[in-house]
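Sequence and predicted structure, then a few things I'm wondering about:
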Amino acid sequence: KQEVTQIPAALSVPEGENLVLNCSFTDSAIYNLQWFRQDPGKGLTSLLLIQSSQREQTSGRLNASLDKSSGRSTLYIAASQPGDSATYLCAVLNTGGFKTIFGAGTRLFVKA
Amino acid sequence: DVKVTQSSRYLVKRTGEKVFLECVQDMDHENMFWYRQDPGLGLRLIYFSYDVKMKEKGDIPEGYSVSREKKERFSLILESASTNQTSMYLCASSLMGRDTEAFFGQGTRLTVV
């Protein structure tokens, strides 16, 4: 059974710092991995999608990597800003079905 | 731009009421999903649909049903609302296929009193 773990559960950094959020998964038989952002009380906003054949994806200050064989993904945020404060979730789409399995998320606080 | 719209942001219902949560997407996506999100439990899949009139149970379907009469609309039904169904409900959609991106609605915060 696929399990997705995100470490740390919460993170507080000063503005301007570069940071890395981690995601691990137990079953490497995935189609893709997706990173989302969620603001309090809101829905999920898709940030980056990495297909199983890819190693990384970039969007602006965000860079996500995928190492399928080791079951790991990282989300790198450069030059963090207070507006980056949110919960970040990773999710994997398993092969052999429609199910997307989510991690519990990392709550990020960027202090001005 | 993909848009997934949930009919209500906030709902308050009484125990035993029948509750309808509506979700509409405008990008002709085949797949649609209903999740609930609770502190400490993360997102859990309730039901999903991969075509009109097709539905599959997710991880926690008990107490819920769904309806997909049109491709763009996926409804979640609480047959008899209970207090343990107080939660944030999230709808999502995606294209058929393994390399597609999931898009979410803004969420419905349901409180059952």
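Alright, I've got the coordinates.

Please count neighbours and contacts with C-alpha atoms only from this point.
Will do.

Quick check: can you name the pairing partners of the worst-scoring helix or strand of chain A on mean pLDDT and their directions?
Within chain A, no helix or strand scores below strand A:100-102, which has a mean of 90 by mean pLDDT, DSSP states H and E. Here strand A:100-102 has these sheet partners by DSSP bridges: strand A:86-94 (antiparallel).

residues in contact with the partner strand?
Contacting residues not belonging to strand A:86-94 are listed as A:2, A:4, A:6, A:23, A:25, A:29-40, A:99-109, B:98 [CA atoms under 8 Å, 6 or more residues apart in numbering or on different chains].

Let's see that with 7 Å instead.
A:23, A:29-39, A:99-109 (CA atoms under 7 Å, 6 or more residues apart in numbering or on different chains).

and the residues you listed, which are buried?
A:23, A:29-38, A:99-109 (16 or more other CA atoms under 10 Å in any protein chain shown).

ok so, going back, so how far is the least confident helix or strand of chain A from its chain's centroid?
With CA atoms, centre = their mean, to the nearest Å as the basis, strand A:100-102 stands 12 Å off its chain's centre.

tell me which parts of chain B are close to chain A?
B:Gly42, B:Leu43, B:Leu90, B:Arg98, B:Asp99, B:Glu101, B:Phe103, B:Phe104, B:Gly105, B:Gln106, B:Gly107 (CA under 7 Å from any CA of the partner chain).

okay, those in CSV with secondary structure and distance to A:Ser80 next?
Output for the residues of chain B next to chain A, formatted as CSV (DSSP: H, G, I helix; E, B strand; the rest coil; distance: CA to CA, whole Å):
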residue, secondary structure, distance to A:Ser80
B:Gly42, strand, 25
B:Leu43, strand, 26
B:Leu90, strand, 28
B:Arg98, coil, 32
B:Asp99, coil, 29
B:Glu101, coil, 25
B:Phe103, strand, 24
B:Phe104, strand, 24
B:Gly105, coil, 26
B:Gln106, coil, 24
B:Gly107, coil, 26
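
all strands for chain A, in order.
A:4-7, A:10-14, A:19-25, A:30-38, A:44-51, A:56-59, A:62-67, A:72-77, A:86-94, A:100-102, A:106-111 (DSSP state E).

quick one: average pLDDT of the fourth one?
This points to strand A:30-38. For strand A:30-38, mean pLDDT is 94.
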